[in-house]
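>>> Sequence first, then the predicted structure:
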Amino acid sequence: MDISVAKVKLAMQREDVEGLIELRAPDDEYDAEAQAVLSALMAMPTPELNPSALAAIISVVWAKSFGRTEEEIKLRMPAFLNIANQLLIKA
């Protein structure tokens, strides 16, 4: 699997789920979330890796990092799936 923290961060910045990049947040805005997602991803067996599983990982990290409710996370799930799909292309 060829997924780096830089690739995770770039996918998060492109999707900009919270609109922070658009608001000119610092370049390191999604660093902690990217590292947490990558750490969880590396612990996951490769055969179980799919967009839905990866989006679920991202949603857990997001809820914890941004203090989002279950309802808020559900609303963001399409964005998390977009991030997951970006990461799994040629992964």
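Thanks, I have the structure now. Numbering: from 1, shown residues only.

>>> What are the buried residues along stretch 36-45?
36-38, 41 (16 or more other Cβ atoms under 10 Å). Every C-beta, even on glycine, is put in place using the N, C-alpha and C of the backbone.

>>> Torsion angles phi and psi at the nearest residue to residue 32 once chain neighbours are set aside?
Spatial nearest neighbour of residue 32, excluding adjacent residues (Cβ to Cβ, 6 or more residues apart in numbering): residue 65 at 6.5 Å. Note on residue 65: its backbone torsions stand at phi -70, psi -40 [degrees, to the nearest 10].

>>> Residue 65 reaches residue 36, doesn't it?
Yes - Residue 65 is within contact range of residue 36, at 7.3 Å (criterion: Cβ atoms under 8 Å).

>>> Tell me the predicted confidence for residue 91.
With respect to pLDDT, residue 91 has a value of 52.
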